[in-house]
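1. Below: sequence and its predicted model.
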Amino acid sequence: MSTSPAPLRTAVVGAGMMGADHVSRITKRISGAEVVAVVDPDTARAQAAAALAPGSQTFASFEEALAGVELDAVIIATPGFLHEPVILPALEKGLAILSEKPLSDTVESSLRIIEAEQKLDRPHIQVGFMRRFDAGYQQLRQLVESGEQGALLALHCAHRNPSTPPNYSESALITDSVIHEIDIVPFIVGEPIVSVEVKKPRRNSLAPEGLPEPQFVLLETASGTLAIVEINVNIQFGYQVTTDAVFESGVASIGRAETIQVAAAGQIGQSVTPSFKERFGAAYDVEIQRWVDAAHRGEIDGPSAWDGYLASVVADAGVLAQQSGRREPVTYALEKPAFYGGATAGTGAAASLATA
Ligand SMILES: NC(=O)C1=CN([C@@H]2O[C@H](COP(=O)(O)OP(=O)(O)OC[C@H]3O[C@@H](n4cnc5c(N)ncnc54)[C@H](O)[C@@H]3O)[C@@H](O)[C@H]2O)C=CC1
Ligand SMILES: O=C1[C@@H](O)[C@H](O)[C@@H](O)[C@H](O)[C@H]1O
């Protein structure tokens, strides 16, 4: 008779929107893990999230959680610039780590993280690029790989949010939002991004003062496939993420039919998801379940810290392109280490896409 392994004793660090959602996910929707600690200096948030996971304890810092409870794993859902201070001690303890995107806020920090991780026997960090687990993106990737419609020439990507949180800056358009396309475009195309250019059309007057958006971000991959990303984060009507892929002999579209379409009373309509939590709810569930299952096997099963590092290099070029108005080349300083699953030539970016 086979017995299930003991649940992964997990801390969730950062009990805001994503952290609380992950607490609920682990407790109610997936198996093989339990939240034993919720960490947030904002006591009310920590307690509200911990209430979703009966038996969990709250802590004001990750250090206190490490000292106060036995852990196997950690989910990091603090703002990006606070990921590294949790990732490094978690690596030292050998915990399974799911870091929300981005891996970190700078290339330098991402490099420190991958250097620290490579002191261990194997990758411990999975990055929360959940689109890789979305059924639509997976089908699109398969279509590209099949070659059924010829070569992939271009992608039209729309990334629309109803509004932005406080302190959302112009660079956040790239580092916080387009970072998802920066990860998913190489995943679909199967090759790295080699340049970034940013075009700024007329400003949406409904965006917060000083935020020049929408913007169009052009991501070019190694063989010349062009992804044109409309990043448009104060569009009011809802949350919408779509991709239209242009092939040599056809087009394919994903992301437009998340909800039922109803024809009635002389109209055809469907509702729009209000936020990423609904649009990508199923993808987050699959992402976290696969991360938990892999952690029980001593593995990761999704985008690695190497993928997080690659994304940070492209994001850097993107922020530069916002300011320069020029096409900025993307230069990856490192070859992909064998530690991350393949000593391929060049950036190794394509080979890093084998998972998820
Ligand atoms: N995969 C996805 O689609 C999404 C990912 N995210 C990512 O999730 C992370 C969190 O984002 P949100 O939940 O939107 O932010 P949030 O602002 O709602 O929550 C962040 C929480 O971290 C807490 N915090 C701050 N310093 C801390 C510390 N030293 N230790 C523990 N907690 C601390 C804050 O008090 C706050 O409760 C970010 O990395 C963000 O990029 C966010 C939204 C969607
Ligand atoms: O990661 C996310 C947010 O942080 C970001 O602000 C949004 O633009 C993205 O759509 C969402 O998935």
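-> Sure thing, it's come through. Just so you know, these numbers come straight off a predicted model, no measurement behind them. Numbering: from 1, shown residues only. Ligands and ions are numbered 1, 2, ... in the order given.
2. can you tell me the helix or strand for Leu140?
-> Element membership for Leu140, per DSSP states H and E: helix 135-146.
3. swap that for Val36, sorry
-> Using DSSP H and E, Val36 maps to strand 33-39.
4. from the chain's centre, how far out does that strand sit?
-> Strand 33-39 sits 21 Å away from the centroid of its parent chain (CA atoms, centre = their mean, to the nearest Å).
5. Just the mean pLDDT for it, thanks.
-> Mean pLDDT, strand 33-39: 98.
6. Any figure for the gap between the closest residue to Ile174 other than its chain neighbours and Val217?
-> Nearest non-adjacent residue to Ile174, counting by CB to CB, 6 or more residues apart in numbering: Gly318, 4.0 Å away. Bear in mind the C-beta positions are built from the backbone N, C-alpha and C, glycine included. Computed as CB to CB, to the nearest Å, the Gly318 to Val217 distance reads 6 Å.
7. higher neighbour count, those two?
-> Neighbours per residue, other CB atoms under 10 Å: of Gly318 and Val217, the larger number sits with Gly318, 29 against 25.
8. before we move on, the earlier item: just checking, next helix/strand downstream of the helix or strand hosting the residue nearest to Ile174?
-> Using DSSP H and E, the element containing Gly318 is helix 305-324. Once helix 305-324 ends, the next helix or strand along the chain (criterion: DSSP H and E) is strand 328-329.
9. Hey, what's the angle from the helix or strand hosting Glu197 to helix 305-324? Just curious.
-> With secondary structure defined by DSSP H and E, Glu197 is part of strand 193-199. Calculated by axes from the mean of the first three to the mean of the last three CA atoms, to 10 degrees, strand 193-199 forms an angle of 30 degrees with helix 305-324.
10. list the helices and strands the next helix or strand along the chain from strand 193-199 packs on?
-> Following strand 193-199 in sequence order, the next helix or strand is strand 215-221 (DSSP H and E). Counting contacts by 3 or more CB pairs under 8 Å, 6 or more residues apart in numbering; DSSP states H and E, strand 215-221 packs against helix 179-189, strand 193-199, strand 226-232, helix 305-324.
11. Wondering if the first one reaches ligand 1 at all.
-> No: using CB under 6 Å from any ligand atom as the criterion, no contacts between helix 179-189 and ligand 1 are found, and the smallest distance is 7.0 Å.
12. State the mean pLDDT of that helix.
-> Averaged across helix 179-189, the pLDDT comes to 98.
13. what comes up buried for it?
-> Ile179, His180, Glu181, Ile182, Asp183, Ile184, Val185, Pro186, Phe187, Ile188, Val189 (16 or more other CB atoms under 10 Å).
14. any idea what sits nearest the second one, other than its immediate chain neighbours?
-> This means His180. Counting by CB to CB, 6+ apart, His180 lies nearest to Arg131, which is 5.6 Å off, once chain neighbours are set aside.
15. Enumerate the residues of this protein near ligand 2.
-> Going by CB under 6 Å from any ligand atom, the residues of the chain near ligand 2 are Asn161, Asp176, Ser177, His180, Val233, Phe276.
16. unless I'm mixing things up, the fourth one is touching Glu100, no?
-> No: taking CB atoms under 8 Å as the contact criterion, His180 and Glu100 are not neighbours in contact, 11.6 Å apart.
17. Now for these two: what residues contact both?
-> Shared contacts of His180 and Glu100 (CB atoms under 8 Å, 6 or more residues apart in numbering): none.
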